[in-house]
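> Need the 3D shape of this:
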Amino acid sequence: MDKKQKQALLWFLWGMALVLALLAAFVPQREDSVAVSAPQSQGGYVALTFDDGPWPGTTDQLLDGLARRGVKATFFLIGNQVESQTDTLRRMAEAGHQIGLHTWDHVQLDGLSQWETQDQLDRCRQVLTHLLGPVDLMVRPPYGFVDENLKAWADAPILCWDVDTLDWQDQNPDRIVQTILDQTRDGSIILMHDIFSTSVEAALAAVDALMAEGFRFVTLEELFLLRGITPENGQVYLALYP
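Numbering: from 1, shown residues only. This is a model prediction of the structure:
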């Protein structure tokens, strides 16, 4: 092969390489191809829950923020606060948020007599159903204290949590958000309180951060449905992991 033939061959090979490179740039990648360095989002379904409301000002502020984000939450309400916050209660229900029982006046339920336990729950149940109509109401026991008697007398599923933000303790939004991000996983039930402005700030910031990671927020009823689980009266649920 003389010099001219070698040069022609090199030009041909270089041209073929260029054509192949151009074709590769325009051929769609297969859906299952993933760059090794691409970050993988954990994602999943999460239930955001709030205790001790409804509270003047802060609960409506929280509802505003959740509405802007298209997020539903579950609110465990104190019965003796509902009658002064009926507009907020109706707004919760109309927005598709789930509502549950948190006793009549936030008493610790374990150790009470049957009459005392049922009085705390029934009075709260009655005021809510009077305003909302017939509705299934899950129970969130104050402080998370549960005994065998409560399981027998609750006449409803008992929902606790696996992510305790301790938002009431230091009311530090940055610390609260970090706790949520560190501990939340698919199926988590997050405990917060809508009676602090700092909790509202932290909840909305955490929602934004978790949604960016692929998480979706649902009510507890929706989370049970997604998991194919029928909640049982008297059963205590901490989380609904896959």
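> quick one: low-confidence parts of the protein?
Along the chain, segments meeting pLDDT under 70 span 1-41.
> Pull up the pairing partners for the top strand by length along the chain, direction included.
Taking DSSP state E as the criterion, the chain has its longest strand at strand 44-53. Taking DSSP bridges as the criterion, strand 44-53 forms sheet pairs with strand 74-77 (parallel), strand 189-193 (parallel), strand 215-218 (parallel).
> which residues in the chain form strands?
Under DSSP E, the chain gives strands at 44-53, 74-77, 98-101, 158-159, 163-164, 189-193, 215-218, 236-237.
> Could you check what's spatially nearest to Q183, not counting adjacent residues?
Ranked by CB to CB, 6 or more residues apart in numbering and with sequence neighbours excluded, the top spatial neighbour of Q183 is V163, at 4.6 Å. For every residue, glycine as well, the C-beta is placed using N, CA and C.
> got the contact list for that neighbour?
By CB atoms under 8 Å, 6 or more residues apart in numbering, the residues touching V163 are T179, I180, Q183, T184, S188, I189, I190, L191.
> Can you flag the buried ones in the residues you listed?
Buried by 16 or more other CB atoms under 10 Å: T179, I180, T184, S188, I189, I190, L191, out of the contacts of V163.
> distance of H193 from C160?
Separation of H193 from C160 (CB to CB, to the nearest Å): 15 Å.
> Compare those two and say which one has the larger neighbour count.
Under the neighbour definition other CB atoms under 10 Å, H193 and C160 were set side by side, and H193 has more, 22 against 18.
> can you pull the contacts of that one?
H193 is in contact with F50, D51, D52, G53, D167, W168, S199, counting by CB under 8 Å, 6+ apart.
> ok, now A67?
A95.
> ok, which stretches of this protein are helices?
For the chain, the helices defined by DSSP state H occupy 3-26, 58-69, 79-82, 86-94, 114-132, 148-153, 167-170, 173-183, 197-212, 220-227.
> Dump those helices into JSON lines; add distance to H102 as well.
Listed next are those as JSON lines, based on distance: least, CB to CB, whole Å:
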{"stretch": "helix 3-26", "distance to H102": "59"}
{"stretch": "helix 58-69", "distance to H102": "13"}
{"stretch": "helix 79-82", "distance to H102": "8"}
{"stretch": "helix 86-94", "distance to H102": "13"}
{"stretch": "helix 114-132", "distance to H102": "7"}
{"stretch": "helix 148-153", "distance to H102": "13"}
{"stretch": "helix 167-170", "distance to H102": "14"}
{"stretch": "helix 173-183", "distance to H102": "20"}
{"stretch": "helix 197-212", "distance to H102": "15"}
{"stretch": "helix 220-227", "distance to H102": "13"}
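> what's the neighbour count on the residue lying closest to A239 once chain neighbours are set aside?
Using CB to CB, 6+ apart and skipping residues adjacent in sequence, the residue nearest A239 is D162, 3.8 Å away. For D162, the neighbour count with other CB under 10 Å is 17.
> again, but for the one 4 residues further on
With neighbours defined by other CB under 10 Å, the count for L166 comes to 14.
> Enumerate every residue touching the nearest residue to it once chain neighbours are set aside.
Sequence neighbours aside, T179 is the residue nearest to L166 in space, at 7.2 Å (criterion: CB to CB, 6+ apart). Contacts of T179 were listed using CB under 8 Å, 6+ apart, and they are V163, T165, L166.
> from those residues, which is closest to L66?
Set against L66, the nearest of those by CB to CB is T165 (16.2 Å).
> Surely the closest one touches I176?
Yes - T165 is in contact with I176 according to CB atoms under 8 Å; the separation is 5.0 Å.
> Which one's more surrounded, those two?
More crowded of T165 and I176, by other CB under 10 Å: I176, with 25 against 22.
> list the contacts for the more buried one?
By CB under 8 Å, 6+ apart, I176 lies in contact with T165, L166, D167, M192, T198, S199, A202, A206.
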